[in-house]
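Peer 1: need coordinates for the below:
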Amino acid sequence: MGVPGWFSRGRTESERFDDAIDASPGQRPEEFAEELALVGALRELGQAGAPDPATRARIRAEIEGRIGEPLPRRRWRPRMADLAAAGIALILGLGGLTLLLSRDALPGDALYSVKRAGEVTSLGLTFGDEAKAEKHLKFAANRVTELGRMSDASPSAYQTALHDFSSDVRAGVSELTELATTSGNRTRLTSLESWAQSQSRQLESEQADVPVSALADLQQARLLLDRVQQRTSALGSRLSCYQITTGTTDELGLLPARGACTQQPLSPGGSTPTSPPPAAGTSVPPTDSPLPVRSVSSPTLSDPSTPTPTPTSPQIPHPPVPPSVPPPITAPTTPRIPTRPAPPPVVSIPPLLPGLPPIVIG
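Peer 2: All right, here's what the predicted structure looks like:
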């Protein structure tokens, strides 16, 4: 297959121009006269801007002197803010990892104190008294569950678990009983009593595995749960009374009142109905004065000469009809005139261009 004609012609022309540039000035063809004149002018311009021999020698000497010297490098120095940020990130990372590993820690383990610190932090981030009380009871139930997993623990570990259990029970029960008596919520007291019964049964099932030196602490925890049941039952029985608590507290919260239970009045105000006010111009006897006594004449012996009157049926006195009392007239009240809010302040902006009026807002 042959080469196209236009490609061969262009190649031949390029080769002739290349040969004309490398040829001497006397042997250059006239075909590329203008192009060769432009190439010559560019070469003269390049030679005119080249440094002189003295400048070249100075530049060469300076480069040769710097070749053996190491170039200065700027060292990075950390700032105090960078160090503080790195330290805080490291502490938070290690703390989160430690807290994650301490979830399954048991009393007596090295990470159990970290687990308790995490529970305290969780309580601090919980809002609401009821939510905090429920978390205390949840932590107390966790201590009872951990007792079943402590197979080879020391007696001090059992004592630690039972002590933490009692602390959470006291805190949770005191909060819930106060909320229940304040709002009159009997359901809350009933659920708390059921929770105490279930935890007492679970402690009883774990009694066989508890060391002898920690049995006293176990009995104290069970007695505490019995007191919780008695307290919730006593408070629940007095929710309908006028006085529910004595106003004093102990480790389990408010103490229930003692004595007769005075029922609360059914009416919202608790007041008994009163008699209507007397009419104007009538006198009312004082309440301490005795009621008027009707004089009854004693029967006397009749003279035989006088005829004996025939007995008549006694008339039963009817109670007097109470006077009608008009309803009290309330004093007229003046209508309230709605007050208008104060007008907003007037803001004046000077004119942006001369000759324009100012801008007033308000």
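
Peer 1: tell me the mean pLDDT for the one helix or strand Arg201 maps to?
Peer 2: Arg201 is part of helix 186-205 when elements are defined by DSSP states H and E. Per-residue pLDDT values over helix 186-205 give a mean of 91.

Peer 1: next helix or strand past it?
Peer 2: helix 215-237.

Peer 1: spit out the contact partners of Lys138.
Peer 2: By CB atoms under 8 Å, 6 or more residues apart in numbering, the contact list for Lys138 is empty. C-beta: built from backbone N, CA, C; applies to glycine.

Peer 1: so it sits in a helix?
Peer 2: Yes: under DSSP: H, G, I helix; E, B strand; the rest coil, Lys138 falls within a helix.

Peer 1: any idea how far it lies from Ala23?
Peer 2: Distance check for Lys138 against Ala23: by CB to CB, to the nearest Å, it reads 102 Å.

Peer 1: same question for Ala140.
Peer 2: Relative to Ala23, and taking CB to CB, Ala140 is found at 107 Å.

Peer 1: check Ser156 too.
Peer 2: For Ser156, the distance to Ala23 - CB to CB - is 108 Å.

Peer 1: that older thread, the helix holding Arg201: which residues count as buried?
Peer 2: 188-189, 192-193, 195-196, 199-200, 203 (16 or more other CB atoms under 10 Å).

Peer 1: ok, stretch 132-140 next?
Peer 2: Neighbour-count burial for stretch 132-140 [16+ other CB under 10 Å]: 132-133, 135-137, 139-140.

Peer 1: between these, which is nearest Ile349?
Peer 2: Nearest to Ile349 out of the buried residues of stretch 132-140 is Lys132 (CB to CB; 54.7 Å).

Peer 1: contacts for the longest strand along the chain next, please.
Peer 2: For the chain, the longest strand by residue count, based on DSSP state E, is strand 245-250. Under the criterion CB under 8 Å, 6+ apart, residues 174, 181, 235, 238, 254-258 lie in contact with strand 245-250.

Peer 1: mind redoing it with 10 Å?
Peer 2: Identification of contacts with strand 245-250 by CB atoms under 10 Å, 6 or more residues apart in numbering yields 170, 174, 177-178, 181-182, 227, 231, 234-235, 238, 253-259.

Peer 1: ok, that strand: who's next to it in the sheet?
Peer 2: Paired strands of strand 245-250, with direction, are strand 253-256 (antiparallel) (DSSP bridges).

Peer 1: just the buried residues of the partner strand, please?
Peer 2: Buried-residue list, strand 253-256, by 16+ other CB under 10 Å: 253-256.

Peer 1: hmm, back to that, I'd like to know which of the buried residues of helix 186-205 is nearest to Leu106.
Peer 2: Leu106 has its nearest neighbour among these in Leu203, at 16.7 Å by CB to CB.

Peer 1: my guess is the closest one contacts Ala214. True?
Peer 2: No: the pair Leu203 / Ala214 is not scored as a contact, 11.8 Å apart, by CB atoms under 10 Å.

Peer 1: which neighbours do those two share?
Peer 2: In contact with both Leu203 and Ala214: 147, 162, using CB under 10 Å, 6+ apart.

Peer 1: looking at stretch 122-141 now, give me its mean pLDDT.
Peer 2: Mean predicted lDDT for stretch 122-141 stands at 90.

Peer 1: and for stretch 35-47?
Peer 2: pLDDT averaged over stretch 35-47 gives 78.

Peer 1: now that stretch: buried residues?
Peer 2: Judged by neighbour count using 16+ other CB under 10 Å, the buried positions of stretch 35-47 are Leu36.
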